[in-house]
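J.: pasting the structure only:
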């Protein structure tokens with residue numbers, strides 16, 4: 001699941017991952033992502049922006065970690081230098097800084113979602 005309020009980032013990540021064979025869902029913010037999860041979606045990986053309206057990434061990951069879905073890996077994607085520290089603080093699995101390099105994205109995705117047919121992000 002790709003969770004980002006920026007339409008272009010969300011769609012570019014989705015296209016790149018689908019080209020590599022992954023099934024990808026998207027959410028516009030933390031609340032939208034929570035709705036997907038409440039509807040039974042269980043991605044093998046969540047790519048999560050930190051700064052979003054309605055429910056930001058920090059609120060979302062804290063909410064997620066308090067549920068039975070806490071074991072889903074979460075990779076923080078952010079344009080802020082402090083994001084790596086924030087990812088550690090929030091028990092995120094990894095952090096990618098925007099702009100994201102394709103090779104870095106695929107390395108992280110393959111690490112957490114080894115089977116391209118899995119639902120990712």
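T.: Looks like it arrived, so ask away. None of the values given here were measured: they were computed from a predicted structure. Numbering: from 1, shown residues only.
J.: use CA for all of it now, contacts and neighbours both
T.: Fine.
J.: Identify the spatial nearest neighbour of residue 96, chain neighbours not counted.
T.: Among residues not flanking residue 96 along the chain, residue 77 sits closest, at 4.9 Å (Cα to Cα, 6 or more residues apart in numbering).
J.: give me every residue that touches that neighbour.
T.: 47, 48, 49, 50, 83, 95, 96, 97, 98 (Cα atoms under 8 Å, 6 or more residues apart in numbering).
J.: downstream neighbour of the helix or strand that contains residue 10 in the secondary structure list?
T.: Residue 10 is part of helix 7-19, with elements assigned from DSSP states H and E. Moving toward the C-terminus from helix 7-19, the next helix or strand (DSSP H and E) is strand 23-24.
J.: Contact partners for the spatially most central residue of the chain?
T.: Note on the chain: the residue nearest the mean C-alpha position is residue 47, at 1.3 Å, using Cα atoms, centre = their mean. Counting by Cα under 8 Å, 6+ apart, residue 47 touches 1, 2, 3, 74, 75, 76, 77, 121.
J.: Could you pull out the strands in this protein for me?
T.: Ranges of strands within the chain are 2-3, 23-24, 26-27, 46-49, 74-78, 94-97, 119-120, based on DSSP state E.
J.: where are the low-confidence patches of the chain?
T.: The model of the chain has pLDDT under 70 over residues 114-121.
J.: Bridged to the residue nearest to the centre of the chain, which residues?
T.: Beta bridges link residue 47 to residue 2, residue 75 when assigned by DSSP bridges.
J.: which pair in the contacts of residue 77 spans the largest distance?
T.: Of all pairs drawn from the contacts of residue 77, the greatest distance, 13.2 Å, lies between 47 and 83 (Cα to Cα).
J.: Can you pull the residues that touch both of those two?
T.: 76, 77.
J.: one step back: what separates the helix holding residue 10 from the chain centre, distance-wise?
T.: Its chain's average C-alpha position is 12 Å from that of helix 7-19, according to Cα atoms, centre = their mean, to the nearest Å.
J.: go on, stretch 54-62?
T.: Worked out by Cα atoms, centre = their mean, stretch 54-62 lies 12 Å from the chain centre.
J.: Stretch 95-113 too?
T.: 10 Å.
J.: Just the buried ones out of the contacts of residue 77, please.
T.: 47, 48, 49, 50, 83, 95, 96, 97 (16 or more other Cα atoms under 10 Å).
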